[in-house]
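Colleague: Next input, structure requested:
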Amino acid sequence: MQAKTNQFIGCECTFDEAEIVLFGAPYDSTASFRPGTRFGPNAMRMESVGIETYSMAIGRDLAFDAKVFDSGDIELPFGDQARALALIESRAAEIAAAGKIPFLLGGEHLVTLGAVRALAAVFPQLHIIHFDAHADLREDYLGNPLSHATVMRRCYDLLGDGRIFQFGIRSGTGEEREFMLQGRITSELFGDDTLAKVIDTIPSGAPVYLTIDMDVVDPAEFPGTGTPEAGGWSYLRLVRNMRLIAQRLAVVGIDNVELNPQLDPSGRSTALACKFLREELLSLRPPSSLRSTDDWPTMV
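Modeller: Okay, the predicted model is just below:
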């Protein structure tokens, strides 16, 4: 992998030096309402020059305290979900095989499935923590089993019972709600009150994939998304929850999806996404270096 001229601010390591590798999946062919998430990864890179590499909250700097390589966007065939997912899986597998954390920037939420397939092959006991406004548990959407509305159901098909945990969900069908109630996955509607308890139930050192649909944030703060849902989290709540996971679990893969920059002419959604990405990159560390939170920087 070669460095790109257009990269997220502060992510200037080579692939060999990096502990985290960013890659974009600009894909939105199954968007059911307002398309445009394909422009999310590039918008974040371009607008990242508007933030500092230094985090006041953590006291760390992307340019000095994190080893991140931005490998750019994958060229994906629109209209061919299976091929797009295979290409995403291949990139994530290459990164994971090198002992690094793949960090996927979407794109619609379907792209998560490609990365999860790659990591489940490396880590058979993979768990998923999922932040989202939508359950994404449909068996199919308009007859299509590969859709942003079915992505977590496909992940369930891959991982099975007891290894997917959802938070912030506030939209779905009756059938999805019934699936949740069967106990196959753990879903907390609207909130995050049980997050700490869920973290305690995940075995120590177990591999975790964190998938974050940015529409979990309330549209008052984050209007730039294809299917906004009122009643969401604040930015600060999102950051707090992400840091709790980064501190206490072995995150082996992560994604941020569903930024639709064209729907927010003010640019505040992209600005929020950029700042959040910086905080994530400074909070994560390779699973091999997982340690007690007692010796990890204080996060406010």
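Colleague: which stretches of the stretch 151-300 of the chain form helices?
Modeller: Using DSSP state H, counting those that start in this stretch, the helices found in the stretch 151-300 of the chain span residues 151-159, 174-181, 195-201, 235-248, 268-283.
Colleague: Buried residues, the longest one. List them.
Modeller: Using 16 or more other CB atoms under 10 Å as the burial criterion, the residues of helix 268-283 that qualify are 269-283. In short, each C-beta sits where N, CA and C put it, glycine included.
Colleague: okay, and for the stretch 1-150 of the chain, where does confidence drop off?
Modeller: Low-confidence segments of the stretch 1-150 of the chain (pLDDT under 70): 1-5.
Colleague: what ranges do the helices span in it?
Modeller: 40-47, 62-65, 81-97, 111-122.
Colleague: Next, the buried residues of the last one.
Modeller: Okay, so that is helix 111-122. Per 16+ other CB under 10 Å, helix 111-122 contains these buried residues: 111, 112, 113, 114, 115, 116, 117, 118, 119, 120.
Colleague: can you put the helices of the stretch 151-300 of the chain in a markdown table and add distance to residue 131 and mean pLDDT?
Modeller: Below are those laid out as a markdown table (distance: least, CB to CB, whole Å; pLDDT from 0 to 100):
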| stretch | distance to residue 131 | mean pLDDT |
| --- | --- | --- |
| helix 151-159 | 12 | 97 |
| helix 174-181 | 15 | 93 |
| helix 195-201 | 10 | 96 |
| helix 235-248 | 7 | 96 |
| helix 268-283 | 11 | 98 |
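Colleague: For residue 130, which of those helices is the nearest?
Modeller: Residue 130 sits nearest to helix 151-159 of all the helices of the stretch 151-300 of the chain, at 6.2 Å, using CB to CB.
Colleague: what helices or strands is the closest one leaning on?
Modeller: helix 111-122, strand 127-131, strand 164-169 (3 or more CB pairs under 8 Å, 6 or more residues apart in numbering; DSSP states H and E).
Colleague: how far out from the middle of the chain is that helix?
Modeller: Chain-centre distance of helix 151-159: 15 Å, with CA atoms, centre = their mean, to the nearest Å.
Colleague: try stretch 75-82
Modeller: Worked out by CA atoms, centre = their mean, stretch 75-82 lies 20 Å from the chain centre.
Colleague: Tell me which residues are up against that stretch.
Modeller: For stretch 75-82, the external contacting residues (CB atoms under 8 Å, 6 or more residues apart in numbering) are 25-27, 29-30, 38, 83-84, 87-88, 110, 144, 146-147.
Colleague: Which residues does the spatially most central residue of the chain form beta bridges with?
Modeller: Centroid check for the chain by CA atoms, centre = their mean gives residue 255 as the closest residue, at 2.2 Å. Under DSSP bridges, the beta-bridge partners of residue 255 are residue 104, residue 211.
Colleague: for residue 28, what are its contacts?
Modeller: Contacts of residue 28 by CB under 8 Å, 6+ apart are 35, 36, 37, 38, 107, 108, 226.
Colleague: now do 7 Å
Modeller: Residues near residue 28 by CB atoms under 7 Å, 6 or more residues apart in numbering: 35, 36, 37, 38, 107, 108.
Colleague: can you put those residues in CSV and add neighbour count and distance to residue 11?
Modeller: Below are the contacts of residue 28 laid out as CSV (neighbours: other CB atoms under 10 Å; distance: CB to CB, whole Å):
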residue, neighbour count, distance to residue 11
35, 16, 27
36, 19, 24
37, 31, 21
38, 22, 21
107, 32, 18
108, 28, 23
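Colleague: quick check, nearest of those to residue 244?
Modeller: Ranked by distance to residue 244 (CB to CB), those are led by residue 107 at 25.5 Å.
Colleague: give me phi/psi at that closest one?
Modeller: phi 70, psi 160 (degrees, to the nearest 10).
Colleague: Now do it against residue 41, distance only.
Modeller: Shown here: residue 107 relative to residue 41, a distance of 7 Å by CB to CB, to the nearest Å.
Colleague: swap in residue 119?
Modeller: 19 Å.
Colleague: quick one: which of the helices of the stretch 1-150 of the chain is nearest residue 53?
Modeller: Nearest of the helices of the stretch 1-150 of the chain (CB to CB): helix 62-65, 4.1 Å.
Colleague: Show me what that closest one is packed up against.
Modeller: helix 268-283 (3 or more CB pairs under 7 Å, 6 or more residues apart in numbering; DSSP states H and E).
Colleague: looking at the helices of the stretch 1-150 of the chain, which is buried most?
Modeller: helix 111-122 (a mean of 24; mean count of other CB atoms under 10 Å).
Colleague: give the contact list for residue 122.
Modeller: Per CB under 7 Å, 6+ apart, neighbours of residue 122: residue 96.
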